[in-house]
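[1] dropping a prediction and its sequence here:
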Amino acid sequence: MTAGNTDYNHKETEKNWTEKWYETDLYKAKDFSDKPKKYILAELPYPSGSYLHVGHMMRYTVPEIRSRYLRMQGYNVLFPMGWDSFGLPAETFAIRTNSTPREVLDKAIPNYKKSMMDMGYAIDWSREMDTSKPETYKWTQWMFLKLWEADLAEVKEMPVWWCEELGVLADEEVLPGDKEGEKVSERGGYPVERKMFKQWILKITDYADKLLEDLDKTDYTDAVKQAQINWIGKKEGANITYEIETPSKTYEKTPTVTCFTTRPDTNFGATFVVLAPKHPLVEKVTTAEQKSEVEKYVKRSLAKSELERTKAKEKTGVFTGSYAINPLNDKKLPVYVADYVMYNYGTGAVVGVPAHDKRDFEFAKAHDLEVVRVVEDPENPDVTEIASLDDIFEGEGIAINSGFLNGLTTKEAIEKTIQYLEEKGFGEKNTTYKLRDQIWSRQRYWGEPIPLIYTKDGKIEPDYDLPLELPELKEEVLKDKAGFPALSEFEDFKKTTDSQGNPATRETDTMPTWAGSNWYYIRYIDPKNNEAFADFEKMKYWLPVDEYYGDAGHTTAHLLYTRFWYKFLYDQGLVPTEEPIKYRMSGGLLLGEDNRKMSKSRPEYVVNPKEVVQTYGADAVRTYLAFIGPYDETYPWNTEGLKAISRFINTVYGMKNKVVADVNDKEVEKAYHQMLKNVTSMCEDFKMNTAVSQLMIFVNIIKKKKQIDSEIWKGFLKVLAPFAPFVTEELWQEVNDAKEWSVENSIHSQAWPKYNEKLAKKDSFQIGVQVNGKVREDIEIDRDEPEESVKKRVLELENVQKYVKGKNIKRFIYVPNKIVSIVVE
RNA sequence: GGGCGAGUGGCGGAACUGGUAUACGCGUCGGUCUCAAAAACCGAUGGGAGCAAUCCUGUGAGGGUUCGAUUCCCUCCUCGCCCACCA
């Protein structure tokens, strides 16, 4: 062993190993290995800017450490990475820099890849995948056509935020403007208005029940499952149909309104009906006298965003002049239009039962409507008057004032009402879901073109000549535009011929940003396949994903859509398993040093990832991110903490000169096996923060020693390797005196060391001695020391004597290796 | 309003199925080195009383179960995330 320099030069070392590792495909995941597989997936980033964001680093580092741990445990591990590159940000950035989205990405992606390599991420780069490349989106388009053929994609008229410059925007992309009631786009600040628009939607609602039931087939945590259940929001109840009477109007056929309710048993207490402003009946049932007021109201409420409607405190609404007839008791219920009722949920019409629903009560109070109590609260049977919101009873009780339902429990009454309604043809049992169909089109350039063709006679045909590529951007189309032109402005693209050779037009909508992210993880399995989105046998080997790590905000919607898309493919026989992802873990947030979200408005608190990697080294940054706290929690960045880890790495490096063969040190040997045991179980449980602390405890012991046994040193390096891959590779090569590096002799190809259970166990314990519940003394005991021996020694202790002397010992409790507890009178 | 989760030193956080609360790290204080400072290294460090042994007190608040509660039960408060006039 040569006594080398003990000052660690991370820059040189990291550069050297980065080149060697990635040139030799050290982290390649082999298809069809004999080893058991693990597919560890981290959400793919949207590549923007010049370097991986520090938040991404926090999101990726810990799962990556786990993937390294599993590889050393003998698994064939797939840890891939790709680019979620379609979408508005690339367009906006391109406009700002006077280039095209592709050009922007061709600069950003290599930067991102380079930064991930700087971090030493054990990524199989041969599987790199980019959602905006034609060879990838060919299959996104192909899958869309399959959905369309299965009637799961359809066109609907929908209100959307429309911006002349940017096209259709999502709710969260729209901000209030400077003027009252004005709306502007989040990017660019262009004016935005509400407009009805033809949109493609995916009918995820057809899969609602399956998505619910099959949660049992996953290992998601209860929190994740609950989030999915809530998002789907399945509710059972009844649809009740009311005939509408409009004074001064005659119809050929009496109009009816259908309302969904989860509590049909309360219908004797109905005193009004409310239509959503967008409900088609509004126009039909409004009387001449009410017309102008209703129209004004509808117009005003359509201009509001969901958010504004939600925030509204008062229950506004306008009477239409018509009445609905309650089939249960022939009562006339005035029909209102009000924006607290949403068109998208249920039937878009609500029957108001103000005595048993807080919102209905507020509406009734605001509009001076009758309140009739029809359920008795078993806990407060005396409350009959309903004076305030606090008197509203929404629970289950006994039916009163309800004709043939009187005396029944809520459950019985619900059943009897439905039975009655169905017999008489007034309504039927029904189930609704909160889950909404997914809007699947954007009127923008930078997305997957929807490969459908409109024939001359109005039919829709699929275009299987895929990929259907985006037309090239030319100077002419770009001129005088604040944003990129929508596809509809590319005349050459639009014009095509149908299957009969007749002139036809193409659909010019593109798919939303999340199209590719619905299935990207399948593509990693076989990214270069041009015959299929992935080879079935390979999918059978790798799927499902074992562990999926990502943003907490994606735990519900993204995961649900991913499952939906996959379940559809499964029903088509195209993928091998029912569920795509076994387990999901979402990461917390990394805050700035000031304990607030990192924001461009406070640049002094935004961590510059490139700088910290260069200053302190990737090993230090990695280990720091693992040490800082549990993966799913939020915590602030702390540069002092990073410096400490950097010192730790240096300390480790400096110890190499003390390494010699055959050192007999029982203390170190024991500490090593204990450390190994603890780190192993902590890596299993994904507790990388405490694993690092175990490594520190061990280093604190060996750094005091004059000599370190080379075998223990090697074992320690292997355990540290997933956290700090660079320095451990350097030290590993040196301790093994390797002449030349190879994939086989890399520390990252080594097996995880095994601990000796006997040595990992403690021989003795410091345990507390309690007298009447208070710790009075410590005593050192042997492992599993018998009670008699412990008792004898304990009672001799001076400080125990003090409290026990002259008193009657009622109980003597001894929990081996844990505690002694004495109870005296 | 609903769902989920969390409240532990000055700070990030440990604590297995109830068993010595505060591991590990930061910060702070003291020391070594230095003309000095920084860096590095060594030591101390929940709060209060005491020269000390030691005692009191302490895991958001209050109560309960227990020999023993950060952990289990009840009531309340605060914060975070997701969803939300969802009938």
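    Cool, the structure landed.

[2] quick one: low-confidence parts of the stretch 401-550 of chain A?
    A:475-483 (pLDDT under 70).

[3] for RNA strand B, give me its nearest residue in it.
    In the stretch 401-550 of chain A, no residue comes nearer to RNA strand B than residue A:434, which is 3.8 Å away by Cβ to the nearest atom of the strand. The C-beta positions use only the backbone N, C-alpha and C, and glycine is treated the same way.

[4] ok, that residue - contacts?
    By Cβ atoms under 8 Å, 6 or more residues apart in numbering, the contact set of residue A:434 is A:230-235, A:345.

[5] kindly report the same for residue A:94.
    By Cβ under 8 Å, 6+ apart, the contact set of residue A:94 is A:100-101, A:103-104, A:484.

[6] that older thread, so which of the contacts of residue A:434 reach RNA strand B?
    Subset of these in contact with RNA strand B: A:230-231, A:233, A:235, A:345, counting by Cβ under 7 Å from any atom of the strand.

[7] let me know the closest of those to residue A:248.
    Nearest to residue A:248 among these: residue A:345, at 31.8 Å, using Cβ to Cβ.

[8] sec struct for the closest one, please.
    Under DSSP: H, G, I helix; E, B strand; the rest coil, residue A:345 falls in the coil class.

[9] that one and residue A:278 touch, don't they?
    No. Judged on Cβ atoms under 8 Å, residue A:345 makes no contact with residue A:278 at a distance of 11.7 Å.

[10] if we can go back for a sec, which two of the contacts of residue A:94 have the greatest separation?
    The largest separation in the contacts of residue A:94, counting by Cβ to Cβ, is between A:103 and A:484 at 12.7 Å.

[11] what does stretch A:784-799 contact?
    Residues from elsewhere that reach stretch A:784-799 (Cβ under 8 Å, 6+ apart): A:769, A:776-777, A:779, A:781, A:800-801, A:804, A:812, A:814, A:816-817, A:820, A:822.

[12] next: stretch A:196-213.
    If you take Cβ under 8 Å, 6+ apart as the criterion, stretch A:196-213 is touched by A:147, A:151-160, A:162, A:168, A:228-229, A:232, A:234, A:433, A:435-441, A:443, A:450, A:509, A:560-561, A:563-564, A:567-568.

[13] could you see whether RNA strand B lies near it?
    No. Applying Cβ under 7 Å from any atom of the strand, one finds stretch A:196-213 out of contact with RNA strand B, separated by at least 12.0 Å.

[14] next, the buried residues of that stretch.
    By neighbour count with 16 or more other Cβ atoms under 10 Å, stretch A:196-213 contains the buried residues A:197, A:199-205, A:207-208, A:210-212.

[15] inside strands: which ones of the residues you listed?
    The members of these that map onto strands under DSSP state E are A:197, A:199-202.

[16] closest to RNA strand B out of those residues?
    Taking Cβ to the nearest atom of the strand as the measure, RNA strand B sits nearest to residue A:201 out of these, at 15.9 Å.

[17] distance check, the nearest residue to the closest one once chain neighbours are set aside against residue A:259.
    Distance criterion Cβ to Cβ, 6 or more residues apart in numbering; nearest residue to residue A:201, sequence neighbours excluded, is residue A:437 at 4.3 Å. To residue A:259, residue A:437 is 21 Å away according to Cβ to Cβ, to the nearest Å.

[18] neighbour count for the two, which is higher?
    The residue with more neighbours, out of residue A:437 and residue A:259, is residue A:259; 26 against 19, by other Cβ atoms under 10 Å.

[19] let me know the secondary structure of the more buried one.
    Under three-state DSSP, the three-state class of residue A:259 is strand.

[20] SS state for the nearest residue in space to it that is not next to it in sequence?
    Using Cβ to Cβ, 6+ apart and skipping the chain neighbours, the partner closest in space to residue A:259 is residue A:351 (4.2 Å). When classified by three-state DSSP, residue A:351 comes out as strand.
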